[in-house]
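In: no sequence for this one, just the structure:
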């Protein structure tokens, strides 16, 4: 049985060289992947622990199998998610965060918690807006 080793720690991030507000900046695509509806939720879930595909699908309520597979593939390609396939029957695949993924998950997790805390104020603002 082949044992897969996790990727090396992510290096310190270099200073900014791009401009994410520029439509041609390559960082914009990465930002879209990390901040997509399912990308955020997958990163937040994987921050807790590694998951098998079916467990992760249950943990991220509402995601379809197709969207979860696409999201995981995109996040793996970008270096945020580590996929480990085990040569067993039935097949078993585990997903976890890479060091770079842990950094991203910490940031979007903070945003998620802020949204939860700010929800009453947002709902009040919506009510005030809709009452006009």
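Out: Ah, there it is. Nothing here was measured: the structure is a model prediction, and the numbers come from that model.
In: When you work out contacts or count neighbours from here on, use the C-alpha atoms and nothing else.
Out: Fine.
In: what helix or strand is the residue most central in space within the chain on?
Out: Centroid check for the chain by Cα atoms, centre = their mean gives residue 43 as the closest residue, at 2.8 Å. Element membership for residue 43, per DSSP states H and E: helix 37-48.
In: what sits up against that helix?
Out: Contacting residues not belonging to helix 37-48 are listed as 33-34, 56, 59-60, 63, 67-68, 71-72, 75, 95-97, 101-102, 104-106, 108-109 [Cα atoms under 8 Å, 6 or more residues apart in numbering].
In: Which PyMOL command selects the buried ones in the residues you listed?
Out: To isolate the buried members of these in PyMOL, using 16 or more other Cα atoms under 10 Å:
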select buried, resi 33+34+56+59+60+63+68+71+72+75+95+96+97+101+102+104+105+108+109
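In: Please tell me how far stretch 88-102 is from the chain's geometric centre.
Out: Average the C-alpha atoms of stretch 88-102, do the same for its chain, and the two points are 13 Å apart (Cα atoms, centre = their mean, to the nearest Å).
In: Please apply the same query to stretch 83-103.
Out: The answer for stretch 83-103 is 14 Å, by Cα atoms, centre = their mean.
In: ditto for stretch 82-101
Out: For stretch 82-101, the separation from the chain centroid amounts to 15 Å (computed by Cα atoms, centre = their mean).
In: How about it, which residues are buried there?
Out: Across stretch 82-101, burial judged by 16+ other Cα under 10 Å covers 82, 83, 84, 94, 95, 96, 97, 98, 99, 100, 101.
In: try stretch 125-132
Out: When burial is assessed from 16+ other Cα under 10 Å, stretch 125-132 yields no buried residues.
In: what's that stretch in contact with?
Out: By Cα under 8 Å, 6+ apart, the list of residues contacting stretch 125-132 is empty.
In: now swap in stretch 107-117 and tell me
Out: Stretch 107-117 has contacts (Cα under 8 Å, 6+ apart) with 35, 40, 43, 44.
In: Make a ChimeraX selection of the buried ones in those.
Out: To isolate the buried members of these in ChimeraX, using 16+ other Cα under 10 Å:
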select :40,43,44
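In: circling back: and the contacts of helix 37-48, which of them are in strands?
Out: The strands in this structure, assigned by DSSP state E, contain 95, 96, 97 from these.
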